[in-house]
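Enquirer: structure of the sequence below:
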Amino acid sequence: MVFEERSKEEEVARERVLVARLRQFVEDSDLSFYKIASRIGTSGGILSLWLSGTARPRAEELAAIAKFLQL
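Expert: Predicted structure coming up:
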C-alpha cells in the first residue's frame, strides 16, 4: 500500500513539474498561446485550465506535454 501512495505522490509531483515548465515556456515563448496548445494537441481553453490549476492533465496529456517540451 505504501508503494501505491508513493507512486501517486510521484505522479502528482511529476505533473506539477511538467505544468510549471509548460507555464514557463508559455511565458517565455514568442509562439501564441493557441499555437502552443495546438502543438501539444489540445485547445487553448484546456491549456488555460491546466496552467491555472483548475484542471489536471491526464496521463496521455502529460506525455504530450513532455514530448512537446522535449523532456
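
Enquirer: any buried residues in stretch 39-54, and which?
Expert: By 16 or more other CB atoms under 10 Å, the buried positions in stretch 39-54 come out as 40, 42, 46, 47, 50, 51. Placement of C-beta: from N, CA and C, glycine included.

Enquirer: isn't residue 50 up against residue 22?
Expert: Yes. Counting by CB atoms under 8 Å, residue 50 touches residue 22, with 7.2 Å between them.

Enquirer: longest helix in the chain, by residue count?
Expert: helix 2-28 (DSSP state H).

Enquirer: which other helices and strands does that helix contact?
Expert: Helices and strands touching helix 2-28, by 3 or more CB pairs under 8 Å, 6 or more residues apart in numbering; DSSP states H and E, are helix 33-40, helix 44-52, helix 59-68.

Enquirer: can you tell me the SS state at residue 70?
Expert: coil (DSSP: H, G, I helix; E, B strand; the rest coil).

Enquirer: got it, and residue 42?
Expert: The three-state label given to residue 42 by three-state DSSP is coil.
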